[in-house]
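Visitor: Take a look and give me a structure for this.
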Amino acid sequence: MMRRSNERKPLVKHIYTADPSAHVFNGKIYIYPSHDEDLDLPDDDDGGQYMMVDYHVLSMDDLDSECIDNGVALSFSDVPWVSKQMWAPDAVYKNGKYYLVFPAKDKDGIFRIGVASSESPVGPFVPQDNYIEGSYSVDPAVFSDDDGRTYLYYGGLWGGQLEMWQSGSFNKDEKRPEGDERALGPMFAEFNDDMTGFISKPKNLTILDERGEPLKASDEERRYFEGPWLHKFNGKYYLSYSTGSTHYICYAVSDTPDGPFTYKGRVMEPVIGWTTHHSILEINGEWYLFYHDSELSGGNNHKRCVKYTRLNIDSDGNIETIKPYD
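Guide: Sure, this is the predicted structure:
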């Protein structure tokens with residue numbers, strides 16, 4: 001099958017973009033990425049090199065058209081509680097408004113999740129006064145189910161601080177799960193109707209292996225690390241995510257939005273650069289993976305570019321593994 005003219009190419013080159021959350025609103029494609037700053041900083045495991053300060057919304061009339069940068073949609077200076085590091089966002093249309101859901105560090109250096117709204121999918125977005133009570137960590141992905149309920153999937157290890165909340169409160173010295181200990185999954189919560197809070201306390205999701213046992217922390221090729229995404233196919237819920245240290249995008253399937261999810265396989269092999277973060281979107285009956293790599297910057301881990309490629313899902317719901325440079 002021939003590739004589209006834009007497929008597997010940087011969608012914009014004038015700024016560095018990463019972590020694309022893609023959606024179709026009113027027949028048009030909108031991409032909500034993080035915006036990598038063009039800074040020369042050393043890499044570290046806590047993500048200190050990712051010093052994003054604003055969000056730009058990208059849009060395309062279709063998959064073969066020019067990708068447009070619609071400018072700054074929200075800046076850290078607009079949000080009273082934010083101190084720095086506006087990482088990977090997502091967006092959702094609900095109640096006649098567009099909501100940008102984003103993580104950032106508060107004044108105490110703790111990652112929280114905030115919400116901003118707009119009448120337009122490209123913003124500008126007006127933030128709520130404070131972060132969502134009970135929220136923490138990074139990488140929010142918002143999923144609207146067929147019944148109108150709105151769920152949030154989020155969480156990232158290491159610099160994303162997810163493991164620092166195992167006790168129920170923030171502890172920067174909390175021990176990470178290791179060895180045969182149960183791996184942490186992403187967090188799950190349900191938004192209330194006006195997107196100002198959670199209906200119930202967030203819970204950690206379980207990802208099972210083929211025997212029905214929870215994945216172990218040492219299983220770095222399959223266990224969750226960051227970057228969750230949720231899509232639905234033939235009535236089943238597909239949780240896809242990054243394995244972090246082994247650089248795969250994997251997926252697991254459940255009959256319910258809150259799991260447990262059973263591991264099924266890989267969506268994508270490693271890309272150029274340390275991080276991998278994606279979204280999955282159906283467009284005109286075909287499926288596509290939006291992702292990033294560091295090709296545009298020659299391999300710099302915190303100067304990335306957003307791309308897309310076709311995603312093949314067979315009639316049984318199995319995803320064909322993508323090799324990004326074949």
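
Visitor: Tell me which stretches of the stretch 101-250 of the chain form strands.
Guide: Using DSSP state E, counting those that start in this stretch, the strands of the stretch 101-250 of the chain run over residues 111-118, 126-127, 141-144, 150-154, 187-190, 203-204, 207-208, 226-233, 236-242, 249-254.

Visitor: Contacts made by the fifth one with the rest, please.
Guide: By that I understand strand 187-190. Outside of strand 187-190, the residues within contact range by C-beta atoms under 8 Å, 6 or more residues apart in numbering are 134-135, 137, 149-155, 162, 198-205, 257-259. For every residue, glycine as well, the C-beta is placed using N, CA and C.

Visitor: cool, the last one as well?
Guide: Taking C-beta under 8 Å, 6+ apart as the criterion, the residues outside strand 249-254 that touch it are 207-208, 222, 227, 236-243, 260-268, 276, 278, 289, 291, 317, 319.

Visitor: That one pairs with which strands?
Guide: Sheet pairing for strand 249-254, assigned by DSSP bridges, gives strand 236-242 (antiparallel), strand 261-268 (antiparallel).

Visitor: next one: the third one
Guide: Strands flanking strand 141-144 in the sheet, each with its direction: strand 150-154 (antiparallel) (DSSP bridges).

Visitor: got the CA coordinates for the partner strand in PDB?
Guide: The C-alpha trace of strand 150-154 is given here as PDB (Å, rounded to 0.1, in the frame of the first residue of the first chain):
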ATOM      1  CA  THR A 150     -15.300  10.900  30.200                       C
ATOM      2  CA  TYR A 151     -12.300   9.000  31.500                       C
ATOM      3  CA  LEU A 152      -8.700  10.100  32.200                       C
ATOM      4  CA  TYR A 153      -5.700   7.800  31.900                       C
ATOM      5  CA  TYR A 154      -2.400   9.200  33.100                       C
END
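
Visitor: and the strands paired with strand 249-254 as a markdown table, adding mean pLDDT, mean neighbour count and distance to Ser167?
Guide: Formatted as a markdown table, the strands paired with strand 249-254 follow (pLDDT from 0 to 100; neighbours: other C-beta atoms under 10 Å; distance: least, C-beta to C-beta, whole Å):
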| stretch | mean pLDDT | mean neighbour count | distance to Ser167 |
| --- | --- | --- | --- |
| strand 236-242 | 98 | 24 | 23 |
| strand 261-268 | 98 | 20 | 24 |
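
Visitor: Including distance to Ala73, could the ones you listed go into TSV?
Guide: As requested, the strands paired with strand 249-254 are exported to TSV (distance: least, C-beta to C-beta, whole Å):
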stretch	distance to Ala73
strand 236-242	24
strand 261-268	27
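
Visitor: coming back round to it: possible to save the strands of the stretch 101-250 of the chain as CSV with distance to Thr17?
Guide: As requested, the strands of the stretch 101-250 of the chain are exported to CSV (distance: least, C-beta to C-beta, whole Å):
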stretch, distance to Thr17
strand 111-118, 19
strand 126-127, 21
strand 141-144, 17
strand 150-154, 20
strand 187-190, 25
strand 203-204, 30
strand 207-208, 28
strand 226-233, 15
strand 236-242, 17
strand 249-254, 18
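
Visitor: So for Arg8, which of these sits nearest?
Guide: strand 249-254 (14.9 Å; C-beta to C-beta).

Visitor: Next, the angle strand 226-233 makes with that closest one.
Guide: Orientation check (axes from the mean of the first three to the mean of the last three C-alpha atoms, to 10 degrees): strand 249-254 against strand 226-233 gives 50 degrees.

Visitor: what about strand 249-254, average pLDDT?
Guide: The average pLDDT within strand 249-254 is 98.

Visitor: same check, this time on stretch 145-163
Guide: Mean pLDDT, stretch 145-163: 97.

Visitor: and if you look at stretch 121-139?
Guide: Mean per-residue pLDDT for stretch 121-139: 98.

Visitor: surely Val92 meets Val115?
Guide: No: Val92 lies out of contact with Val115 (C-beta atoms under 8 Å); the separation is 9.5 Å.

Visitor: and for these two, which residues touch both?
Guide: Common neighbours of Val92 and Val115, using C-beta under 8 Å, 6+ apart, are 99, 101, 195.

Visitor: give me every residue that touches the first one.
Guide: Neighbouring residues of Tyr99 by C-beta under 8 Å, 6+ apart: 91-93, 115-117, 142, 195.

Visitor: Check it and give its pLDDT.
Guide: Confidence at Tyr99, expressed as pLDDT, is 98.

Visitor: What strands flank the host helix or strand of it, and is each parallel or antiparallel?
Guide: Using DSSP states H and E, Tyr99 falls within strand 97-106. Note on strand 97-106: by DSSP bridges, its sheet partners are strand 82-84 (antiparallel), strand 90-94 (antiparallel), strand 111-118 (antiparallel).

Visitor: How far off centre is the shortest one?
Guide: When C-alpha coordinates are averaged (C-alpha atoms, centre = their mean, to the nearest Å), strand 82-84 and its chain have centres 19 Å apart.

Visitor: buried set for that strand?
Guide: Neighbour-count burial for strand 82-84 flags Val82 (criterion: 16 or more other C-beta atoms under 10 Å).
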